[in-house]
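Asks: give the three-dimensional model of this entry:
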Amino acid sequence: DWKTPVAKTLEARELMPGDPLLPERLKDLGGLYIKGQFNMNTQRGRETYSDIKEGIIDEFSIGYSVMEEGYSPDGARELVKGKLYEWSPVLFGANSETALISAKGLNDDLADELGLETFPTYDTGRKVLDVDGRISTYAGAIPSLSPIRLAILQATIWRIDRLARRVHARDPWNAPDASVMDGRTLQAWMTSTIPSRVVRDVMTTAIRVIFGAEPRDLSLLFALWYIGQGGGILSLIDIRDAAQATRFVDGAYAISRRLAQDLGDSVVLGSPVAEIEWAPGSVIARTHDEEWRAERLVMAAPSHMAARIRFTPELPASRRALQERFPMGSTIKFQALYEQAFWREAGLSGELVCTSGPVSVVFDNTSHDGRQPALTGFCVGQAALRVSEMSEDEQRRIFTEVLARGFGDKARAHSQLRIKDWTIDPWVRGCPTGIMPPGVLGTYGPALRAPLGSLHWAGTETAREWTGYMEGAAEAAERVVQEITGSLRVPGA
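Replies: Model prediction:
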């Protein structure tokens with residue numbers, strides 16, 4: 001019943017800061033008031049009602065459609081000429097016809113503002129699954145497994161998503177049993193919960209792609225927090241109506257390039273900051289031969305890179321400890337260019353999932369106009385660390401072999417094969433996101449976003465939704481702007 005509404009929205013309006021209907025923790029923030037009726041004829045409706053009644057979840061996505069003229073001049077304070085028809089926990093999202101108020105769509109708004117075109121990621125055709133060297137194809141988001149294994153996989157996804165609903169995006173360290181979950185690895189949970197080795201391998205592949213790390217490297221609390229902010233396991237790994245749905249015609253770098261154009265000469269490249277001297281209302285950032293002075297400083301670099309900067313005076317112990325214990329995942333990305341999209345002609349989407357070997361996943365990365373067919377793949381986690389030490393010729397050989405095994409000998413005939421090893425990039429030292437082992441989020445998490453006088457912390461790792469993604473980076477930027485302008489007064493929110 002995934003396409004059946006959890007509840008029907010009877011009334012919805014925005015509550016401005018100070019409204020008497022707001023709970024105490026939202027007094028200075030505002031919120032969205034919803035009156036709804038649960039659909040008790042469905043399992044999801046009954047479960048959500050029970051979770052709300054028990055106080056397990058308190059964050060929702062709101063489904064709505066907006067007719068001609070769209071929003072009122074005051075923005076979201078009033079949905080005019082619109083029909084609100086569904087609400088549900090953010091983890092479940094909503095049915096295929098529902099837009100999400102909770103997922104602000106900052107990237108879409110920013111792309112429109114900058115005049116950047118987007119297009120949907122290609123996903124037409126069957127996907128390829130490589131399990132221990134055995135090749136099969138499937139349609140949809142769930143790999144084709146035996147009925148028993150498929151049931152176990154679906155149950156596992158449901159369990160993870162349900163647990164993630166208990167971990168609040170703003171303060172995961174206050175979740176029920178947070179200390180227990182933070183003292184356990186995701187691998188330990190999977191081993192004790194998933195009876196099938198094949199299903200564990202499939203789930204491990206998904207985790208590697210999402211985090212660039214092995215399940216044993218991740219705190220269970222951190223993994224649930226991260227997964228919950230992105231809408232669940234399937235939302236993070238799938239294409240259609242999910243995290244991989246949209247691409248930029250001019251490439252993602254076009255956003256930074258367009259923003260930099262508006263900033264002119266104030267954008268300084270090639271000048272890494274070595275030292276930051278900070279005091280109330282004053283900041284000095286120094287490179288090896290220059291310095292900049294300001295009233296505030298926003299640190300948007302990954303936490304482990306911020307740890308390489310010398311702060312005077314020293315940062316508080318909790319902030320230092322967080323930065324030292326928050327490394328990046330490990331990812332090598334490669335792109336194979338072709339004369340023809342032969343996989344499309346064969347009825348394949350270009351997506352390949354491998355449960356073993358050096359590559360975990362491959363996607364169709366053809367240009368928007370189809371003139372440059374391409375496949376792009378990701379070597380992640382422990383495999384990335386191993387492959388990173390190989391010669392480039394050896395990397396090309398093994399990546400080509402993976403493509404040929406999944407798509408046939410035509411995959412060997414690429415005109416170019418480009419490789420980007422993020423693990424050795426000096427300015428990020430990893431990809432796609434920061435990861436936390438056990439004992440970090442629960443102990444040092446409150447220092448993740450909390451401003452320190454004139455210092456503010458941004459970057460996608462600090463986001464309250466879509467952590468690790470471009471959407472998360474945009475959300476974090478919006479939060480910091482609110483902090484600096486004084487409209488957000490809740491420490492660590």
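Asks: from here on, contacts and neighbour counts on C-alpha atoms
Replies: Fine.
Asks: phi, psi for residue 212 please.
Replies: Backbone torsions of residue 212, given as degrees, to the nearest 10, read phi 70, psi 30.
Asks: do residue 310 as well
Replies: Backbone torsions of residue 310, given as degrees, to the nearest 10, read phi -90, psi 120.
Asks: wait, doesn't it sit right on residue 284?
Replies: No: in this structure, residue 310 is not within contact of residue 284 by Cα atoms under 8 Å, at 11.7 Å.
Asks: quick check: neighbours shared by those two?
Replies: Here residue 310 and residue 284 have residue 276 as joint contacts, going by Cα atoms under 8 Å, 6 or more residues apart in numbering.
Asks: make sure residue 293 is indeed in a strand.
Replies: Yes: with DSSP: H, G, I helix; E, B strand; the rest coil as the criterion, residue 293 is assigned to a strand.
Asks: assign residue 386 to helix, strand or coil.
Replies: helix.
Asks: ugh, wrong one, I meant residue 437
Replies: coil.
Asks: neighbours of it, how many?
Replies: Applying other Cα atoms under 10 Å, we find 23 residues neighbouring residue 437.
Asks: now swap in residue 443 and tell me
Replies: The number of residues packed near residue 443 is 16, by other Cα under 10 Å.
Asks: distance-wise, check it relative to residue 222.
Replies: 11 Å (Cα to Cα, to the nearest Å).
Asks: and if you look at residue 144?
Replies: Residue 144 sits 29 Å away from residue 222, going by Cα to Cα.
Asks: so residue 243: helix, strand or coil?
Replies: Residue 243 is classified as coil under three-state DSSP.
Asks: next up, the contacts around residue 455.
Replies: With Cα under 8 Å, 6+ apart, residue 455 has these contacts: 278, 296-299.
Asks: make CSV from these and add neighbour count, pLDDT and distance to residue 243 to it.
Replies: As requested, the contacts of residue 455 are exported to CSV (neighbours: other Cα atoms under 10 Å; pLDDT from 0 to 100; distance: Cα to Cα, whole Å):
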residue, neighbour count, pLDDT, distance to residue 243
278, 24, 97, 38
296, 18, 95, 33
297, 20, 96, 30
298, 16, 97, 27
299, 13, 97, 25
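Asks: quick one: which of these is nearest residue 431?
Replies: Closest approach between the contacts of residue 455 and residue 431, by Cα to Cα: residue 299, at 18.2 Å.
Asks: tell me what the closest one is bridged to.
Replies: For residue 299, the beta-bridge partners are residue 457 (DSSP bridges).
Asks: what about residue 377, how many neighbours?
Replies: Residue 377: 24 neighbours (other Cα under 10 Å).
Asks: tell me the contacts of it?
Replies: Applying Cα under 8 Å, 6+ apart to residue 377 gives the contacts 333-335, 359-363.
Asks: please repeat the previous calculation with a cut-off of 10 Å.
Replies: 332-336, 351-353, 359-365, 399, 402-403, 419 (Cα atoms under 10 Å, 6 or more residues apart in numbering).
Asks: got it, and residue 299?
Replies: 306, 455-459.
Asks: go on, residue 394?
Replies: Contacts of residue 394 (Cα under 10 Å, 6+ apart): 387, 400.
Asks: what's the helix or strand for it?
Replies: helix 392-407 (DSSP states H and E).
Asks: tell me the helix or strand right after that helix.
Replies: Next along from helix 392-407, by DSSP H and E: strand 416-421.
Asks: angle of that next one against helix 392-407?
Replies: 110 degrees (axes from the mean of the first three to the mean of the last three Cα atoms, to 10 degrees).
Asks: ok, the contacts of residue 455 vs residue 164, which is closest?
Replies: The shortest approach to residue 164 among the contacts of residue 455 belongs to residue 299, at 28.1 Å (Cα to Cα).
Asks: could you measure from the closest one over to residue 282?
Replies: According to Cα to Cα, residue 299 and residue 282 sit 15 Å apart.
Asks: what do you get for residue 356?
Replies: 52 Å.
Asks: pretty sure residue 325 is one of the things residue 304 touches, is it not?
Replies: Yes: applying Cα atoms under 10 Å as the test, residue 304 and residue 325 come out as touching, 7.5 Å apart.
Asks: tell me the mean pLDDT over stretch 460-468?
Replies: Model confidence over stretch 460-468 averages 91 on the pLDDT scale.
Asks: with stretch 180-194 instead?
Replies: 97.
Asks: equivalent analysis for stretch 383-393, please.
Replies: Computed over stretch 383-393, the average pLDDT equals 97.
Asks: repeat for stretch 264-271
Replies: On average, stretch 264-271 scores 91.
Asks: tell me the residue in this protein that is farthest from the middle.
Replies: residue 289 (36.7 Å; Cα atoms, centre = their mean).
Asks: for that one, helix, strand, or coil?
Replies: Residue 289 is classified as coil under three-state DSSP.
Asks: that one against residue 270, yeah?
Replies: No: using Cα under 10 Å as the test, residue 289 is too far from residue 270 to be in contact (11.8 Å).
Asks: which residues in the stretch 51-200 of the chain form helices?
Replies: 106-114, 147-164, 178-182, 186-193, 197-211 (DSSP state H, counting those that start in this stretch).
Asks: of these, flag the one that's most buried.
Replies: helix 197-211 (a mean of 21; mean count of other Cα atoms under 10 Å).
Asks: keeping just the C-alphas, turn that one into CSV.
Replies: Only the C-alpha atoms of helix 197-211 are listed here, as CSV (Å, rounded to 0.1, in the frame of the first residue of the first chain):
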residue,chain,number,x,y,z
ARG,A,197,24.3,-13.9,3.4
VAL,A,198,23.2,-12.8,0.0
VAL,A,199,20.8,-10.2,1.4
ARG,A,200,23.6,-9.0,3.7
ASP,A,201,25.8,-8.6,0.7
VAL,A,202,23.1,-6.6,-1.2
MET,A,203,22.6,-4.4,1.8
THR,A,204,26.4,-4.0,2.3
THR,A,205,26.6,-2.8,-1.4
ALA,A,206,24.0,-0.2,-0.8
ILE,A,207,25.7,1.0,2.4
ARG,A,208,29.1,1.2,0.6
VAL,A,209,27.6,3.4,-2.2
ILE,A,210,25.8,5.7,0.2
PHE,A,211,28.6,6.2,2.7
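Asks: contact partners for the residue nearest to residue 383 when sequence neighbours are not counted?
Replies: Taking Cα to Cα, 6 or more residues apart in numbering, and ignoring the residues beside it in sequence, residue 383 has residue 358 as its nearest neighbour in space, at 5.3 Å. Contacts here follow Cα under 10 Å, 6+ apart; on that basis residue 358 touches 332, 378-384, 386-387, 395, 398-399, 402.
Asks: show me how to select, in PyMOL, the buried members of these.
Replies: A single PyMOL command selects the buried members of the contacts of residue 358 (16 or more other Cα atoms under 10 Å):
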select buried, resi 332+378+379+380+381+382+383+384+387+395+399+402
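Asks: rewinding a little: ok, the residue nearest to residue 383 to residue 387 distance?
Replies: Counting by Cα to Cα, the gap from residue 358 to residue 387 is 7 Å.
Asks: what residues do these two have in common as contacts?
Replies: Going by Cα under 10 Å, 6+ apart, residues that sit against residue 358 and also against residue 387 are 332, 379-380, 395, 398.
Asks: select the helix or strand of this structure having the lowest average pLDDT value.
Replies: Within the chain, no helix or strand scores below strand 82-89, which has a mean of 47 by mean pLDDT, DSSP states H and E.
Asks: could you list the residues in contact with stretch 169-179?
Replies: 56, 59, 164-168, 181-182, 220-222, 224-226, 228-229, 438-446, 449, 462-467, 492-493.
Asks: again, 7 Å this time
Replies: 166-168, 221, 225, 229, 441-442, 445, 464-465, 493 (Cα atoms under 7 Å, 6 or more residues apart in numbering).
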